[in-house]
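Here's my sequence, what's the structure:
(one chain, ligands or ions: 2)
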Amino acid sequence: MDKALTLLGIESSCDDTAAAVVRLTPEGRAEVLANVVAGQAALHEAYGGVVPEIAARAHVEKLDTSVAEALRRAGLALADLDGVAVTSGPGLIGGVLAGVMLARGLAAGADLPLHGINHLAGHALTPRLTGDIAFPYLLLLVSGGHCQFLIVHGPDRFDRLGGTIDDAPGEAFDKVAKLLALPQPGGPAVEAEARQGDAARFPLPRPLLDRPGCDMSFSGLKTAVLRTRDQLVAAHGGLRRQDRADLCAGFQRAVADVLAQKARRAIAAYLELAPKAPAIAVAGGVAANGEIRAALEEVANTQGLAFVAPPLKLCTDNAAMIAWAAIERLRAGIPDDPADLTARPRWPLDRSRPALIGSGKKGAKA
Ligand code: KG4
Ligand code: ZN
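Ligands and ions are numbered 1, 2, ... in the order given. All right, here's what the predicted structure looks like:
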């Protein structure tokens, strides 16, 4: 490529309103010129999950100012861009529609090409925005809304090896925190408690480990925490400090065990492709968890894979990954499909596999 490619990205599929400007230099270097994320956590806190209608309204209010802020931080005007990329699914449909409508208006007004991007493809391609990682690589996307193992073959070719059939792990962390009267988001709170706890005290289940394949389930684990809590409360008239810490430690260990064991299976399937530089990348908010990260890193090391974890602010929902996914497609010469601009709640990356069942607090799983 002899000319720089500069894209505006827009993301509004869940509870973060995001706009970003990403540039690919003629030398092939990726630069994030601006990355604006306006979260909505406070608006949804009282409801224990994302309320789609509240999310959509908040996106409508914040989208245009987020785009203006991204352009200001990048020091660019619309006329300096080579295109606009917008998340057109999967996600909560009101928010996706708000983003697509704004992007359509901006692109038409500034006479720019418009690219509809799959949100999951954005997550899946992020390791190449921040590091030197070659196709094909294995990705574990593990957040409040997603949990899947993907082989990433190219910008538009993904093989889903398995995913959660109910809750995503982050969602389970949040629910467990709520059960134990810990603050939200639950992940960091449970992790802090777990440091004081004995992970071996309560025998919590490792769902679906007895079944072949890479599908996962975290909802039963959460129910087991609820039952154990109720037994402890009945026995002692309340939850003692050490009981809570032990429950957190046991829960976290169970999630780490399930992810590590399923990662071993995913790696075995991936290595059948005989990749030249085998690598596993993790993305999503739950990848911030020290025990889970260490468990995955150990699996990667023992299987001879490089372990790649992009910086957290690009792993959680953002628009830089959306702009980057469009750049990857342009660079590879993949033509746009006009249907990709249709806002849709479900949009599995791997169309050869049936959609994952289940819909958690952050919307459809794929
Ligand atoms: O990727 P993310 O920011 O957002 C979406 O899912 O959209 O992930 C947020 C999730 C929350 O459920 C949060 O509890 C979880 O990631 N999380 C963690 C940790 N930090 C954040 N889970 C476990 N341990 C952590 N340290
Ligand atoms: Zn996401």
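
strands paired with the one helix or strand A34 maps to, and their directions?
Assessed by DSSP states H and E, A34 sits inside strand 30-39. Partners of strand 30-39 in the sheet, by DSSP bridges, are strand 16-24 (antiparallel).

Please state the offset of the partner strand from the chain centre?
The chain centroid and the centroid of strand 16-24 are separated by 16 Å under Cα atoms, centre = their mean, to the nearest Å.

just to revisit the earlier point, who are the packing partners of the helix or strand that the strand holding A34 is followed by?
From strand 30-39 onward toward the C-terminus, using DSSP H and E, the following helix or strand is helix 41-44. When contacts are defined as 3 or more Cβ pairs under 8 Å, 6 or more residues apart in numbering; DSSP states H and E, helix 41-44 sits against helix 52-74. For every residue, glycine as well, the C-beta is placed using N, CA and C.

Now do the same for the helix it packs on: mean pLDDT, whole number.
What helix 52-74 shows for mean pLDDT is 95.

Repeat that for stretch 191-210.
Across stretch 191-210, pLDDT averages out at 96.

Tell me the spacing between the most centrally placed residue in the chain and T228.
Residue closest to the average C-alpha location in the chain (Cα atoms, centre = their mean): G284, at 4.0 Å. Using Cβ to Cβ, to the nearest Å, one obtains 27 Å as the distance from G284 to T228.

now swap in A98 and tell me
In terms of Cβ to Cβ, A98 sits 42 Å off from T228.

quick one on the thing from earlier: wait, isn't the residue nearest to the centre of the chain in contact with S143?
Yes. Counting by Cβ atoms under 8 Å, S143 is a contact partner of G284 at 3.1 Å.

got any residues that touch both of these two?
170, 315-316 (Cβ atoms under 8 Å, 6 or more residues apart in numbering).

Please list which of those residues are also close to ligand 1.
170, 316 (Cβ under 6 Å from any ligand atom).

Just the pLDDT at the residue nearest to the centre of the chain, thanks.
In this model, G284 carries a pLDDT of 86.

Repeat that for the one 3 residues further on.
Note on A287: pLDDT of 88.

So what's the residue count around R351?
Close neighbours of R351, defined as other Cβ atoms under 10 Å, add up to 10.

Distance check, it against ligand 1.
Remark: distance between R351 and ligand 1 (Cβ to the nearest ligand atom, to the nearest Å) = 23 Å.

any idea which element that residue lies in?
With DSSP H and E as the test, R351 turns up in no helix or strand.

How about A281?
Using DSSP H and E, the element containing A281 is strand 279-283.

what's the helix or strand following that strand packed up against?
Counting by DSSP H and E, the element after strand 279-283 in chain order, helix or strand, is helix 290-302. When contacts are defined as 3+ Cβ pairs under 8 Å, 6+ apart, helix 290-302 sits against helix 186-194, helix 241-271, strand 279-283, strand 306-308.

Put the alpha carbons of helix 290-302 into CSV.
Provided in CSV are the C-alpha atoms of helix 290-302 (Å, rounded to 0.1, in the frame of the first residue of the first chain):
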residue,chain,number,x,y,z
GLY,A,290,-4.9,-12.7,37.0
GLU,A,291,-5.7,-16.4,37.7
ILE,A,292,-7.5,-16.9,34.4
ARG,A,293,-4.8,-15.2,32.4
ALA,A,294,-2.1,-17.3,34.2
ALA,A,295,-4.0,-20.5,33.6
LEU,A,296,-4.3,-19.7,29.9
GLU,A,297,-0.7,-18.6,29.6
GLU,A,298,0.4,-21.9,31.2
VAL,A,299,-1.6,-23.9,28.8
ALA,A,300,-0.2,-21.9,25.8
ASN,A,301,3.4,-22.4,27.1
THR,A,302,3.0,-26.1,27.7
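
and it, how far from the chain's centre?
Centre-to-centre, helix 290-302 and its host chain are 18 Å apart (Cα atoms, centre = their mean).

who in this protein is up against ligand 1?
Counting by Cβ under 6 Å from any ligand atom, the chain sits next to ligand 1 at 14, 143-145, 170-171, 173-174, 185-188, 191, 284-286, 288-289, 316-317, 362.

what does the domain assignment say about this protein?
Taking the TED database as the domain assignment, the ranges for the chain are 5-131+313-332, 137-309.

Out of the ones you listed, which one sits most buried?
Most buried of the domains of the chain, by mean neighbour count (mean count of other Cβ atoms under 10 Å): domain 5-131+313-332, with a mean of 21.

How far off centre is that one?
Its chain's C-alpha centre and that of domain 5-131+313-332 lie 14 Å apart, by Cα atoms, centre = their mean.
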